[in-house]
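> Using only what follows, build the 3D model:
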Amino acid sequence: MKVVEAIKQSKNPILSFEVIPPKVGGNINNIFEVLDDLIEFSPRFINVTKHANEIEFMEKEGKIEKIIRNKRPGTVGISAAIKNRYKIEVVPHLLCVGYNKYQLEDILIDLNYLEFENVFVIRGDKNRYTWKVEGEYEHASDLVRQISELNQGNYTCPLKKAFPTNFCIGVAGYPEKHVESPNLRKDLEYLKLKVELGAEFIITQMFFDVEYYKNFVKRVREIGIDIPIIAWIKPIESKKSLYTIPKNFFVNIPQKVIQDFDEARSEQDEYKLGIKYTINLIKDLLEIKVPGVHIFTMGRGKAVKEILRELKGVF
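As a prediction, this is how the structure comes out:
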């Protein structure tokens with residue numbers, strides 16, 4: 001089922017989870033162990049992240065060799081395995097960084113054959129170690145356009161009697177703006193372009209104050225975007241994460257949260273405080289009729305399970 005259809009058919013906000021592929025040499029059973037513990041909460045879809053190829057320098061026989069590798073491969077395979085195991089919708093990430101339109105079309109064809117109905121489109125993070133390929137898209141909107149063309153049966157090479165795909169396209173929205181955008185207004189213009197090109201739902205970047213979400217939705221609606229906006233939530237489990245999260249995701253932590261964690265006397269106190277804070281944030285979102293809550297499991301399900309037990313019956 002398409003994400004937008006699931007939202008329309010549900011009387012309550014929908015619940016979804018995000019998982020991250022294991023590093024090379026890891027075991028998919030680690031993902032299954034987390035989801036086995038969370039499937040009782042009836043998520044409507046699982047989101048599987050995608051990571052770009054990176055440049056690494058390794059010493060081999062006394063020489064430094066440059067190699068191109070993906071530290072977390074397997075998005076399509078993991079998506080298919082989850083879909084088969086749990087019989088629920090899976091939304092794989094697609095990213096522009098490290099791929100050209102022909103490679104992306106191959107991935108989309110595979111996903112279509114595997115009967116995926118939803119994809120989540122992002123540009124992907126760029127840094128000096130990210131591998132860039134010739135013909136790589138500069139913006140997520142370019143990939144949204146390509147998928148919309150495939151949905152009309154228009155492939156990269158003109159074909160006669162080509163079968164169209166049928167993907168529902170999700171894109172990212174940034175309540176505090178994308179780090180590379182000059183301001184929020186310009187960021188919203190990029191978001192509107194993606195919607196005009198065929199995006200049907202939005203999953204926000206994480207945030208830690210419901211006011212960010214409320215203000216974002218208000219601004220988005222004011223410029224004519226009317227598609228569902230799902231809220232992405234990342235539980236806080238420790239004081240240390242208050243400093244790593246902003247560095248990695250370019251978001252703000254409310255001052256009240258920092259003060260509360262500063263008063264915590266132990267790691268267990270920090271953990272309990274993070275659980276309580278996340279529960280209250282989700283409750284605030286439910287009060288303003290959020291269409292969906294998307295929780296990042298971080299490869300661990302204990303905190304998510306405790307949060308959802310306290311919220312039982314709301315999804």
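> Just the CA trace of stretch 174-185, in CSV.
In CSV, the C-alpha atoms belonging to stretch 174-185 read as follows (Å, rounded to 0.1, in the frame of the first residue of the first chain):
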residue,chain,number,x,y,z
TYR,A,174,13.7,20.5,7.1
PRO,A,175,11.9,22.4,9.9
GLU,A,176,15.1,24.2,10.8
LYS,A,177,16.1,24.4,7.1
HIS,A,178,18.7,22.3,5.3
VAL,A,179,22.2,23.2,6.4
GLU,A,180,23.3,24.2,2.9
SER,A,181,20.3,26.5,2.2
PRO,A,182,20.9,30.2,2.7
ASN,A,183,17.6,30.6,4.5
LEU,A,184,14.3,28.7,5.3
ARG,A,185,12.4,30.5,2.5
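> Run through the strands of the stretch 51-200 of the chain in chain order.
54-60, 63-69, 89-95, 118-122, 168-173, 199-204 (DSSP state E, counting those that start in this stretch).
> what's the third one packed up against?
Read that as strand 89-95. helix 3-9, strand 45-48, helix 75-86, helix 101-113, strand 118-122, helix 140-151 (3 or more Cβ pairs under 8 Å, 6 or more residues apart in numbering; DSSP states H and E). From N, CA and C alone the C-beta is placed, and that goes for glycine too.
> What residues does Gln152 make contact with?
Residues near Gln152 by Cβ atoms under 8 Å, 6 or more residues apart in numbering: Pro164.
> where's it relative to Leu108, distance?
13 Å (Cβ to Cβ, to the nearest Å).
> Chain neighbours aside, what residue packs nearest to Glu149?
Of all residues not flanking Glu149 in the chain, Tyr155 sits nearest, at 7.8 Å (Cβ to Cβ, 6 or more residues apart in numbering).
> now do Ile109
Thr165 (7.9 Å).
> List the residues that contact the residue nearest to Glu149.
Neighbours of Tyr155 in contact, by Cβ under 8 Å, 6+ apart: Glu105, Glu149, Ala162.
> and which of those is nearest to Glu270?
Relative to Glu270, the closest of the contacts of Tyr155 is Glu105; by Cβ to Cβ it sits at 46.4 Å.
> Backbone torsions only: list them for the spatially closest residue to the closest one that is not a sequence neighbour.
The spatial neighbour of Glu105 that comes closest, neighbours along the chain excluded (Cβ to Cβ, 6+ apart), is Thr156 at 5.3 Å. Torsion angles at Thr156 (phi, psi; degrees, to the nearest 10) stand at phi -60, psi -30.
> isn't Thr156 right next to Gln103, touching?
No. With contact defined as Cβ atoms under 8 Å, Thr156 does not reach Gln103; the gap is 10.2 Å.
> What about Lys247, how many residues nearby?
Residues lying near Lys247 (other Cβ atoms under 10 Å) number 8.
> Could you tell me how far it is located from Lys312?
Computed as Cβ to Cβ, the Lys247 to Lys312 distance reads 34 Å.
> a markdown table for the contacts of Tyr155, including distance to Ile258 and pLDDT?
A markdown table is the format used below for these (distance: Cβ to Cβ, whole Å; pLDDT from 0 to 100):
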| residue | distance to Ile258 | pLDDT |
| --- | --- | --- |
| Glu105 | 46 | 97 |
| Glu149 | 46 | 97 |
| Ala162 | 55 | 94 |
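> Looking at these, which is nearest Tyr86?
Glu105 (27.9 Å).
> just to revisit the earlier point, Serialize the strands of the stretch 51-200 of the chain to JSON lines and add fields for mean neighbour count.
Converted to JSON lines, these look like this (neighbours: other Cβ atoms under 10 Å):
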{"stretch": "strand 54-60", "mean neighbour count": "11"}
{"stretch": "strand 63-69", "mean neighbour count": "10"}
{"stretch": "strand 89-95", "mean neighbour count": "24"}
{"stretch": "strand 118-122", "mean neighbour count": "23"}
{"stretch": "strand 168-173", "mean neighbour count": "26"}
{"stretch": "strand 199-204", "mean neighbour count": "23"}
